[in-house]
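J.: Prediction below, plus the sequence it came from.
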Amino acid sequence: MNVETYKQALNELSNDDYQAILEDDAALVVFQDKALTLGKPDEAYVIYELGDDQFDSVDALKAHLLEQAEEMLQEYYQYNPLSKMFFNQSLMDLINENDENAFVSMPGQEAKLKLFCENGKLVAEGPESPRFKYGFNLHLKEKMLPQAISNKVKNWVQSGTAYEEYISVNVCRFSCIE
């Protein structure tokens, strides 16, 4: 979810939703990195709960959330991973844009692109990036023909292995507690 999507989702919430946050101890929850829903403060993917904040109206709460959108999203993605569905869709979009072979390394061939998550978005960077060596991609142990590579890439995404690698690369960041 980016700032524009987040603000749009905030604007789409009803006054009753904001009232539930103010009065019913409801929390704002990011749903598959595409939308906002209401939930409980102890649920996963909570981006905002009232806590000690004090607002005298729904409009004041909404204005605060819109004003703080960029900071809230930055903090949210510092401690929360992308949802599996959003990650897989983003990865398939990058593969379709760049060629699936670009994300594969095997003996004698380094990947042309590696993956990173940045501010709630999956991005691909090439060897000119100083952080290239820290990214992740599909590693094959042996050379393969193009059709076999294509099948391996699809399986890497659809099996959830790519998502598991993303989580393992970022596990320390997502486990941090202030």
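T.: Everything's here; your move.
J.: contacts and neighbour counts: CA atoms only from here.
T.: Fine.
J.: Give the helix, strand or coil label for the most centrally placed residue in the chain.
T.: By CA atoms, centre = their mean, the chain has its centre lying nearest to L82, at 2.6 Å. Taking DSSP: H, G, I helix; E, B strand; the rest coil as the rule, one finds L82 in the coil state.
J.: OK, contacts around it?
T.: When contacts are counted by CA atoms under 8 Å, 6 or more residues apart in numbering, L82 is found next to 32-33, 120-121.
J.: again, only using 7 Å
T.: 33, 120 (CA atoms under 7 Å, 6 or more residues apart in numbering).
J.: For the chain, list the residue farthest from the centre, please.
T.: Going by CA atoms, centre = their mean, the residue of the chain most distant from its centre is D56, 32.7 Å out.
J.: where along this structure do the helices fall?
T.: In the chain, the helices defined using DSSP state H lie at 3-12, 15-23, 58-67, 69-79, 84-98, 146-158, 161-175.
J.: Output these in a markdown table, with mean pLDDT, mean neighbour count and distance to G51 appended to each entry.
T.: Formatted as a markdown table, the entries for the helices of the chain read as follows, by pLDDT from 0 to 100; neighbours: other CA atoms under 10 Å; distance: least, CA to CA, whole Å:
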| stretch | mean pLDDT | mean neighbour count | distance to G51 |
| --- | --- | --- | --- |
| helix 3-12 | 95 | 16 | 18 |
| helix 15-23 | 94 | 17 | 10 |
| helix 58-67 | 96 | 15 | 12 |
| helix 69-79 | 91 | 16 | 15 |
| helix 84-98 | 95 | 16 | 28 |
| helix 146-158 | 94 | 15 | 38 |
| helix 161-175 | 79 | 16 | 22 |
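J.: Now tabulate these in JSON lines and tack on distance to K114.
T.: Supplementary listing: those in JSON lines, determined by distance: least, CA to CA, whole Å:
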{"stretch": "helix 3-12", "distance to K114": "24"}
{"stretch": "helix 15-23", "distance to K114": "40"}
{"stretch": "helix 58-67", "distance to K114": "33"}
{"stretch": "helix 69-79", "distance to K114": "19"}
{"stretch": "helix 84-98", "distance to K114": "11"}
{"stretch": "helix 146-158", "distance to K114": "14"}
{"stretch": "helix 161-175", "distance to K114": "11"}
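J.: Nice, that's everything, thank you.
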